[in-house]
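Colleague: The sequence and its predicted three-dimensional model are supplied below.
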Amino acid sequence: MRIRDLLKPECINLHLEPQNKDLTIASLVKLIDKSGCLVDSERFRRAVLDRESKGTTALGEGVAIPHAKSAGVKRPALAAAVIASGTDFDSLDGKPTQLIFLIASPHQASNEHLDVLAHLSSMLIDENFRKSLIEATSVEDFLKCIDIAEGNCFDGRGEILDDTNVSAQYQEQNECTDKISTDNTQEIQEKHETTAANRSYDLVAVTACPAGLSHTYMAAEALEHKAREMGLSIKVETDGAAGNRNKLLPEEIAKAKAVIVAADRAVTMDRFVGKKLIRTGVVDGVRQPENLIKMALDPACPVYKATMQVESSSIAAKMYRHLMSGLTYILPLVATAGILSSLANFTILYGSNTALFLDSIGTNIGSLIIPVFAAFIAFSMAGRTGLVAGFTGGIVSSISNTGILGALVNGFVGGSIAFLVSTVLMRLVKGHDALLALLFYPLIGAIGTTIVAQVVVNPVCSFLDTYIYIFLTSAPAFNLAIVGAILAGMMAADMGGPFNKLAYACGVLMLANTLPNLGVVASIMGTVMLGGMVPPIAAGLASIIYKKGFSQKERELKYISVLKGLLFITEAVIPYMQVNPLLMRLTCIAGAASAGAMCMYFKAAIYAPHGGIFVIPISNNPLAYVLSLCVGVGVSTILCIIVRYYLVTKQKI
């Protein structure tokens with residue numbers, strides 16, 4: 001497959017008018033839509049804008065490569081546009097962007113076309129190639145420049161194909177590009193010959209971007225090109241959408257002088273322990289390859305250690321990641337303890353030996369929740385050295401009755417102390433790693449965590465935990481309804497986004513706080529679950545009742561959406577959010593908030609963190625819970641139908 005197979009003549013505009021970034025992207029999406037490669041152009045456009053919101057794809061030198069994977073793409077395609085006077089595309093160098101390629105990829109992208117896109121990204125590093133594209137006067141010349149630079153103007157014997165159709169004005173330009181391509185080929189061949197004879201490199205590198213498309217390969221090409229200019233050998237592993245290519249071998253890493261990791265997502269780092277290493281974003285790999293190479297070869301370059309946290313992110317993001325780590329590990333415990341304790345209270349079993357046995361197991365599992373939660377927060381922060389400190393913090397929280405809030409804070413305290421202890425002792429005491437890891441790290445971490453917890457954390461958290469419990473058990477029903485409406489509305493606000501995750505975390509933590517006892521505090525979990533169930537059920541029912549207001553694809557998903565909603569899979573509503581997302585989102589929030597308010601009003605608790613309709617029987621008030629669900633679904637369904645009717649009458653869908 002060639003670039004020409006993805007870039008059709010009708011998808012090229014050499015005279016695009018300057019406009020803002022969003023309109024420019026919309027124009028390029030329309031170009032791709034002409035080729036018939038999109039099934040939902042609006043969905044793809046939003047995917048591109050969402051990718052741009054995470055970081056500009058205009059890397060400077062007048063070039064931008066916006067891209068996205070989307071279910072709205074039927075098959076891979078390219079669009080290209082030239083804006084002679086340039087446009088503002090939020091370029092990293094602050095200069096106008098003149099040449100834009102839009103990459104459309106389906107979710108299940110084949111490796112073959114991704115290799116082509118990687119080749120295009122690498123080619124755009126060359127200044128002469130960029131200039132030839134910007135100065136092209138016809139679509140034919142534009143495509144011919146790509147063919148020549150790509151090396152497709154040669155037949156199987158290496159002879160140049162017939163070039164008579166190329167305009168005389170650009171013959172010289174094409175010959176120049178041809179020479180560049182030939183020189184590059186010779187350089188690559190020489191490099192491969194050297195590698196085959198002796199697999200050692202001055203530098204090794206890894207590049208990766210979130211989408212795994214253009215930036216991954218542009219950074220790799222920039223590093224390779226700059227290393228050749230500096231007389232250095234380098235091997236770059238590209239961890240892109242096409243998979244892990246040019247994978248670094250252990251012996252290559254061992255022989256290299258230094259490592260460069262230019263990545264905006266997680267890559268395997270343990271293999272680089274003991275090597276000088278520079279970690280940065282993928283954009284720096286494209287923009288500053290020379291600086292990265294010099295920094296990596298500098299004698300002062302830090303040596304990577306297993307305990308180093310080289311990933312750069314904000315403190316808030318790191319704390320959120322550690323919190324989610326702890327939450328992930330307690331979910332099975334919370335579910336098991338809650339369900340077993342609930343089964344023990346069923347009328348049919350109540351008072352029997354079976355009930356006592358189930359309740360005993362549930363109670364004992366529930367007593368582990370707080371220590372395990374704190375332990376794995378600390379584990380996320382400091383690795384295995386943090387487990388004992390975190391577990392100790394959790395036990396102290398249980399003894400002092402500070403609840404899940406105390407466990408949360410003590411988990412962070414334990415992780416911080418363990419990290420500091422291991423870092424300091426590692427530098428002060430050499431050659432006794434086993435003794436330190438088995439004795440001093442856990443002992444000092446446990447003692448330090450206990451002191452801080454008892455003196456600072458527990459008094460404050462005990463007061464707050466008691467206040468929260470009193471509020472949830474004795475507050476007026478109206479106040480509780482407001483809390484329920486807010487939490488359930490958050491669940492429906494962004495479908496898997498930060499508000500959704502925050503609300504769900506509140507539900508799970510409150511449920512964990514009430515176990516092993518079964519209290520009304522768990523109504524928070526019930527409220528949160530309703531907030532996630534209502535939107536997909538309502539959207540599916542609305543598409544069944546009012547077929548005219550929904551596309552064929554949306555109607556095909558109606559039963560799946562209802563079923564997933566009943567199972568508490570909120571993301572099933574996302575396909576319905578592509579048409580006027582704001583209004584559709586408001587309908588979901590309204591229905592979810594109604595259900596949440598009723599649930600909290602009746603104090604209908606759920607004692608499992610997931611399960612949907614399957615865990616309703618273990619609620620303390622199943623009838624009230626089902627009624628709340630029906631009311632929420634009814635409100636959201638009616639509003640959804642009204643919104644779609646409005647959009648149909650206004651001819652907006």
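Modeller: Alright, I've got the coordinates. Numbers count the residues shown, from 1 in each chain.
Colleague: use CA for all of it now, contacts and neighbours both
Modeller: OK.
Colleague: Please enumerate the strands of the stretch 551-653 of the chain.
Modeller: Counting by DSSP state E, counting those that start in this stretch, the stretch 551-653 of the chain has no strands to list.
Colleague: pLDDT below threshold where in it?
Modeller: In the predicted model of the stretch 551-653 of the chain, residues 652-653 satisfy pLDDT under 70.
Colleague: All the helices of it, residue numbers only.
Modeller: Per DSSP state H, counting those that start in this stretch, the stretch 551-653 of the chain carries helices over the ranges 552-556, 558-566, 581-602, 622-649.
Colleague: same thing with the stretch 251-400 of the chain?
Modeller: Taking DSSP H, counting those that start in this stretch as the criterion, the stretch 251-400 of the chain carries its helices at 282-287, 289-297, 315-344, 353-366, 369-382, 387-400.
Colleague: tell me which residues in the second one are buried?
Modeller: Residues of helix 289-297 classed as buried under the neighbour-count rule (16 or more other Cα atoms under 10 Å) are Pro289, Glu290, Leu292, Ile293, Met295, Ala296, Leu297.
Colleague: Ala382: which of the residues you listed is nearest?
Modeller: Ala296 (26.2 Å; Cα to Cα).
Colleague: surely that closest one meets Arg279?
Modeller: No - between Ala296 and Arg279 there is no contact, the gap being 9.5 Å when judged by Cα atoms under 8 Å.
Colleague: Give the intersection of the neighbour lists for these two.
Modeller: Ile260 (Cα atoms under 8 Å, 6 or more residues apart in numbering).
Colleague: what element comes up after the helix-or-strand element of the chain with minimal mean pLDDT heading to the C-terminus?
Modeller: Lowest on mean pLDDT, DSSP states H and E among the helices and strands of the chain sits helix 171-197, with a mean of 45. For helix 171-197, the following helix or strand on the C-terminal side (DSSP states H and E) is strand 203-208.
Colleague: Adjacent strands (with direction) for that next one?
Modeller: Using DSSP bridges, the strands paired with strand 203-208 in its sheet are strand 234-240 (parallel), strand 258-263 (parallel).
Colleague: picking that back up, of all the helices of the stretch 551-653 of the chain, which one comes closest to Ile370?
Modeller: Judging the helices of the stretch 551-653 of the chain by Cα to Cα, what sits closest to Ile370 is helix 581-602, at 24.6 Å.
Colleague: Point out the other helices and strands that that closest one packs with.
Modeller: Where contact means 3 or more Cα pairs under 8 Å, 6 or more residues apart in numbering; DSSP states H and E, helix 581-602 is packed against helix 477-493, helix 523-545, helix 622-649.
Colleague: Now do the buried residues in it.
Modeller: Neighbour-count burial for helix 581-602 [16+ other Cα under 10 Å]: 584-602.
Colleague: picking up where we left off before, give me whichever of the helices of the stretch 251-400 of the chain is most buried.
Modeller: When you average the neighbours per residue for each of those (mean count of other Cα atoms under 10 Å), helix 369-382 leads with a mean of 30.
Colleague: related to what we said a few turns ago, and the furthest pair within the buried residues of helix 289-297?
Modeller: Top of the distance list for those (Cα to Cα): Pro289 and Leu297, 12.5 Å.
Colleague: Please, which helix or strand holds the closest residue to Met381 other than its chain neighbours?
Modeller: Closest residue to Met381 apart from its sequence neighbours, by Cα to Cα, 6 or more residues apart in numbering: Gly415 at 5.3 Å. Gly415 belongs to helix 403-428 when elements are defined using DSSP H and E.
Colleague: I'd like to check the angle between that helix and helix 315-344, please.
Modeller: Between helix 403-428 and helix 315-344, the angle comes out at 130 degrees (axes from the mean of the first three to the mean of the last three Cα atoms, to 10 degrees).
Colleague: Which strands and helices lie in contact with helix 403-428?
Modeller: Partner elements for helix 403-428 (3+ Cα pairs under 8 Å, 6+ apart): helix 369-382, helix 387-400, helix 441-452, helix 458-474, helix 498-514.
Colleague: doesn't Val388 make contact with the residue nearest to Met381?
Modeller: No - contact status for Gly415 versus Val388: not in contact, 9.3 Å apart, counting by Cα under 8 Å.
Colleague: about what we covered before: any idea which of the strands paired with strand 203-208 scores lowest on pLDDT?
Modeller: Sorting the strands paired with strand 203-208 by mean pLDDT places strand 234-240 lowest, at a mean of 86.
Colleague: okay, the angle between it and helix 289-297?
Modeller: Here strand 234-240 runs at an angle of 110 degrees relative to helix 289-297 (the same axes, to 10 degrees).
Colleague: ok, and what's touching strand 234-240?
Modeller: So strand 234-240 is contacted by 201-209, 211-213, 216-217, 220, 223-224, 227, 244-248 (Cα under 8 Å, 6+ apart).
Colleague: Run a quick neighbour tally on the nearest residue to Gly612 once chain neighbours are set aside.
Modeller: Among residues not flanking Gly612 along the chain, Leu567 sits closest, at 4.3 Å (Cα to Cα, 6+ apart). Other residues lying near Leu567 total 19 when counted by other Cα atoms under 10 Å.
Colleague: quick one: pLDDT of the residue lying closest to Ile524 once chain neighbours are set aside?
Modeller: In space, Ile524 comes closest to Gly507 once its chain neighbours are excluded; the distance is 5.2 Å by Cα to Cα, 6+ apart. Per-residue pLDDT puts Gly507 at 89.
Colleague: same question, Leu487
Modeller: So, for Leu487, pLDDT stands at 94.
Colleague: Quick one: neighbours of the spatially closest residue to it that is not a sequence neighbour, just the number.
Modeller: Excluding the flanking residues, the one nearest Leu487 by Cα to Cα, 6+ apart is Ala503, at 5.6 Å. Residues within reach of Ala503, counting by other Cα under 10 Å, total 24.
Colleague: What strand or helix carries Ala47?
Modeller: helix 41-53.
Colleague: Roughly how far does the residue nearest to Leu487 sit from Val615?
Modeller: Per Cα to Cα, to the nearest Å, Ala503 is found 19 Å from Val615.
Colleague: Kindly report the same for Thr207.
Modeller: Thr207 is 45 Å from Val615, by Cα to Cα.
Colleague: Isn't Ile404 up against Asn513?
Modeller: Yes - applying Cα under 8 Å as the test, Ile404 and Asn513 come out as touching, 5.3 Å apart.
Colleague: confidence score at Ala64?
Modeller: 87.
Colleague: quick one: common contacting residues for Ile404 and Asn513?
Modeller: Joint contacts of Ile404 and Asn513 (Cα under 8 Å, 6+ apart) are Ile370.
Colleague: quick revisit: compare Thr207 and Val615 and say which one has the larger neighbour count.
Modeller: Thr207 (31 against 19).
Colleague: Show me what that one is bridged to.
Modeller: Thr238, Ala262.
Colleague: Walk me through the domains of this structure.
Modeller: 3-149, 203-304, 315-322+329-353+365-461, 477-651 (the TED database).
Colleague: and among these, the most buried is which?
Modeller: Buried most deeply of the domains of the chain, by mean count of other Cα under 10 Å, is domain 477-651, with a mean of 23.
Colleague: what's the spacing between that domain and its chain's center?
Modeller: 23 Å (Cα atoms, centre = their mean, to the nearest Å).
Colleague: Please name the residues that touch the residue nearest to Ile524.
Modeller: Contacts of Gly507 by Cα under 8 Å, 6+ apart are Ala522, Ile524, Met525, Gly526, Thr527, Val528, Pro609.
Colleague: Can I get these in JSON lines including distance to Ile253?
Modeller: Shown next, in JSON lines, are the contacts of Gly507 (distance: Cα to Cα, whole Å):
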{"residue": "Ala522", "distance to Ile253": "52"}
{"residue": "Ile524", "distance to Ile253": "51"}
{"residue": "Met525", "distance to Ile253": "49"}
{"residue": "Gly526", "distance to Ile253": "52"}
{"residue": "Thr527", "distance to Ile253": "52"}
{"residue": "Val528", "distance to Ile253": "48"}
{"residue": "Pro609", "distance to Ile253": "44"}
